[in-house]
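Peer 1: Just a sequence and a predicted model for now, questions to come.
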Amino acid sequence: MKKILVIEDDEPLRWLLERILGTKHQITIMNNGLDAMNWLLNDNLPDLIISDLNMPSLGGIELLQKIRFSGILRGIPVVILSGDANPAKKKICMELGAARYIMKPFEPNFVLKEVQDVLQTKVSDPILKVQVD
């Protein structure tokens, strides 16, 4: 059973994600990025992180930056959930190594499929992609 950290400030959406994913995975729910980062830094290493983009305390982009530049957390795949269709934000998330950028509202089966795909795919480390001549 894979461990998934869900970071979402919207209670009904947290409930939905727990119901969608909780039958196949062990789910930990956090309300904001700051609590999630503290949890991660206390030796909690999930197999996947699903994070809202716009949250209080520490937003999805900032959280993604901290994860990607952390030695121990760097390899954890991150799926971003967002109601923000701004292509610049999506580009930033993808450049920081987000495994997926899923727009809200979403179909539950689509999220389940994307999560399964990400968990079955080896994560490449965007920070370590260095061109050597």
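Peer 2: Ah, there it is.

Peer 1: How far away from the center of its chain is the longest helix that the chain contains?
Peer 2: In the chain, assigned by DSSP state H, the helix with the most residues is helix 108-120. Averaging C-alpha positions (Cα atoms, centre = their mean, to the nearest Å) puts helix 108-120 12 Å from its chain's average.

Peer 1: Stretch 89-98 too?
Peer 2: The answer for stretch 89-98 is 11 Å, by Cα atoms, centre = their mean.

Peer 1: Would you mind listing the buried residues in that stretch?
Peer 2: 89-90, 92-93, 96-98 (16 or more other Cβ atoms under 10 Å). All C-beta atoms are positioned from the backbone trio N, CA, C, and that covers glycine.

Peer 1: before we move on, what about stretch 60-78?
Peer 2: 60-61, 63-68, 73, 75-78.

Peer 1: For the residues you listed, give me CSV that also has pLDDT, secondary structure and distance to Leu48.
Peer 2: Shown next, in CSV, are these (pLDDT from 0 to 100; DSSP: H, G, I helix; E, B strand; the rest coil; distance: Cβ to Cβ, whole Å):
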residue, pLDDT, secondary structure, distance to Leu48
Gly60, 91, helix, 14
Ile61, 93, helix, 18
Leu63, 94, helix, 14
Leu64, 93, helix, 13
Gln65, 93, helix, 18
Lys66, 93, helix, 17
Ile67, 93, helix, 12
Arg68, 89, helix, 15
Leu73, 93, coil, 12
Gly75, 91, coil, 11
Ile76, 94, coil, 7
Pro77, 95, coil, 5
Val78, 96, strand, 8
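
Peer 1: mind listing what His92 touches?
Peer 2: In this structure residue 92 is Ile, not His. Ile61 (Cβ atoms under 8 Å, 6 or more residues apart in numbering).

Peer 1: Please confirm that it is located within a helix.
Peer 2: Yes - counting by DSSP: H, G, I helix; E, B strand; the rest coil, Ile92 is found in a helix.

Peer 1: Perfect, I'm done here.
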